[in-house]
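J.: only geometry, no sequence info:
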């Protein structure tokens, strides 16, 4: 919850993924692809070295883009 254009605003994100019915379960996709996206951002220097919480150091747009490239699309909503 926050304020946007002088109105109270709530935003949210959601995603859904499915098993490919052969090798990769939905849980593998959700956890593994997220880890791969984060590792890529670390190796590219986008995420700074040191100890940080994810909300402090992972740029949301870059992370969401990395997940989309792996087939996980995050839908954003705002009310």
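T.: Perfect, thanks for sending it. From a predicted model like this one, the values you see are computed outputs, not experimental measurements.
J.: For the nearest residue to residue 34 once chain neighbours are set aside, which residues are in contact?
T.: Ranked by C-beta to C-beta, 6 or more residues apart in numbering and with sequence neighbours excluded, the top spatial neighbour of residue 34 is residue 67, at 6.9 Å. (Each C-beta comes from the backbone N, C-alpha and C, glycine too.) Applying C-beta atoms under 8 Å, 6 or more residues apart in numbering to residue 67 gives the contacts 15, 33-34, 37, 73-74.
J.: Look at residue 67 and give its secondary structure.
T.: helix (DSSP: H, G, I helix; E, B strand; the rest coil).
J.: Out of the contacts of residue 67, give me the one that has the most neighbours.
T.: Counting neighbours by other C-beta atoms under 10 Å, residue 37 leads the contacts of residue 67 with 21 neighbours.
J.: gap between the helix or strand it falls within and the chain center?
T.: Per DSSP states H and E, residue 37 falls inside helix 26-43. Centroid separation for helix 26-43 versus its chain: 9 Å, with C-alpha atoms, centre = their mean, to the nearest Å.
J.: same deal with stretch 64-71?
T.: 8 Å.
J.: Same question for stretch 52-61.
T.: 10 Å.
J.: which of the residues in it are buried?
T.: For stretch 52-61, a neighbour-count test (16 or more other C-beta atoms under 10 Å) marks 57-58 as buried.
J.: what does that stretch rub up against?
T.: 38, 41, 46-48.
J.: Turn the contacts of residue 67 into TSV, columns for distance to residue 63.
T.: Listed next are these as TSV, based on distance: C-beta to C-beta, whole Å:
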residue	distance to residue 63
15	12
33	11
34	8
37	6
73	13
74	9
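J.: Could you save the residues you listed as TSV and add columns showing distance to residue 21 and pLDDT?
T.: Below are the contacts of residue 67 laid out as TSV (distance: C-beta to C-beta, whole Å; pLDDT from 0 to 100):
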residue	distance to residue 21	pLDDT
15	19	77
33	17	90
34	21	91
37	23	94
73	19	85
74	23	86
